[in-house]
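Q: Give me a model of this one.
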Amino acid sequence: MCSVPLWQNWLVKIDSKKLVAVAAKARLGSVSPYSKFKVGAALLTQVGEIIGGANVESASYGLTCCAERIALFKALTEGKKDFVAVAVVARCDGGPMPCGACRQLLREYAPDAKVFVADSDDLGKIRMFTVRELLPSAFVIVP
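A: Residues are numbered from 1 along each chain as shown. Now for the predicted structure:
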């Protein structure tokens, strides 16, 4: 059986500029009193729904949660699935790259998604990757 990425099977158009704009807006909700590093993310489902999230920090740094995971956990707990793209925005030259934990979770729940990153100071310059490119050898359990 041929495996075709979900985003190629559906009619939803991936508008990277719109998705980045939603991530930039979500960034405004960042709770980052320690690092002041505000990050926003936006997930796009195959049916066109967009779910945003922002990073939340803790004084116990290991409890901090990235914007990508906040958006993903929010979407999953609301019953959303079949993610086709994610955008991540922060004030970072070239745009922020998802950390290893975020890459692992995206690989599990959005393996065929496109990933768009942008610097909040230059939302017009968007870099694109795929989740599989960012984590080609993920830990996955095959049923």
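Q: Which residue lies nearest the spatial centre of this protein?
A: Nearest to the mean C-alpha position of the chain, counting by CA atoms, centre = their mean, stands residue 86 at 3.8 Å.
Q: Now do the helices in this structure.
A: 6-9, 16-27, 67-77, 100-109, 131-134 (DSSP state H).
Q: helices or strands next to the fourth one in the packing?
A: Contacts of helix 100-109 with other secondary structure elements, assessed using 3 or more CB pairs under 8 Å, 6 or more residues apart in numbering; DSSP states H and E, are made with helix 67-77, helix 131-134. Backbone N, C-alpha and C define where each C-beta goes, glycine included.
Q: Give me the contact list for the shortest one.
A: Which is helix 131-134. Applying CB atoms under 8 Å, 6 or more residues apart in numbering, the external contacts of helix 131-134 come out as 86, 97-98, 103, 106-107, 110-115.
Q: And these, which two are furthest apart?
A: Pairwise distances across the contacts of helix 131-134 peak at 18.8 Å for 97 and 112 (criterion: CB to CB).
Q: So the two - more neighbours on which side?
A: Set side by side, residue 97 and residue 112 show more neighbours around residue 112, with 20 against 15, by other CB atoms under 10 Å.
Q: returning to what we had before: select from the helices of the chain the stretch with the lowest mean pLDDT.
A: In terms of average pLDDT, helix 6-9 trails the rest of those, at a mean of 45.
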